[in-house]
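>>> Test case, fold it:
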Amino acid sequence: MSPRWEPNPDLRRGRTVVHSLHAHLVFTPKHRRGPFTDEILTRCEEIMRDVCADFGAQLTEFNGETDHVHLLIHY
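Predicted coordinates for the structure are as follows:
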């Protein structure tokens with residue numbers, strides 16, 4: 001079988017399109033004084049996963065420190 005017909009989980013298929021879209025988002029607080037604790041980061045990840053699921057997207061990666069949060073979203 002031709003390699004182009006092998007299923008690829010990274011590609012999303014619509015009725016007439018095939019796409020692979022990613023967004024890299026970085027959230028920072030206004031004054032960057034370390035408001036993100038481990039508990040807050042855990043809760044933020046839960047909320048972001050729920051929001052992505054509601055919109056039909058997938059939160060591929062979530063990472064944060066005390067002064068910023070990174071999200072990689074596949075939609």
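>>> residue ranges of the strands in the chain, please?
For the chain, applying DSSP state E gives strands covering 12-13, 18-19, 22-27, 58-64, 69-74.
>>> Now mean neighbour count too, for those strands, in CSV please.
Using the backbone N, CA and C atoms, a C-beta is placed for each residue, glycine as well. Converted to CSV, the strands of the chain look like this (neighbours: other C-beta atoms under 10 Å):
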stretch, mean neighbour count
strand 12-13, 13
strand 18-19, 9
strand 22-27, 11
strand 58-64, 15
strand 69-74, 17
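>>> Out of those, which is closest to residue 46?
Nearest of the strands of the chain to residue 46, taken as C-beta to C-beta: strand 58-64 at 9.7 Å.
>>> Next one: residue 12 from residue 57, what distance?
Per C-beta to C-beta, to the nearest Å, residue 12 is found 10 Å from residue 57.
>>> Now tabulate the strands of the chain in JSON lines and tack on distance to residue 40 and mean pLDDT.
JSON lines is the format used below for the strands of the chain (distance: least, C-beta to C-beta, whole Å; pLDDT from 0 to 100):
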{"stretch": "strand 12-13", "distance to residue 40": "31", "mean pLDDT": "74"}
{"stretch": "strand 18-19", "distance to residue 40": "33", "mean pLDDT": "78"}
{"stretch": "strand 22-27", "distance to residue 40": "12", "mean pLDDT": "93"}
{"stretch": "strand 58-64", "distance to residue 40": "9", "mean pLDDT": "93"}
{"stretch": "strand 69-74", "distance to residue 40": "9", "mean pLDDT": "94"}
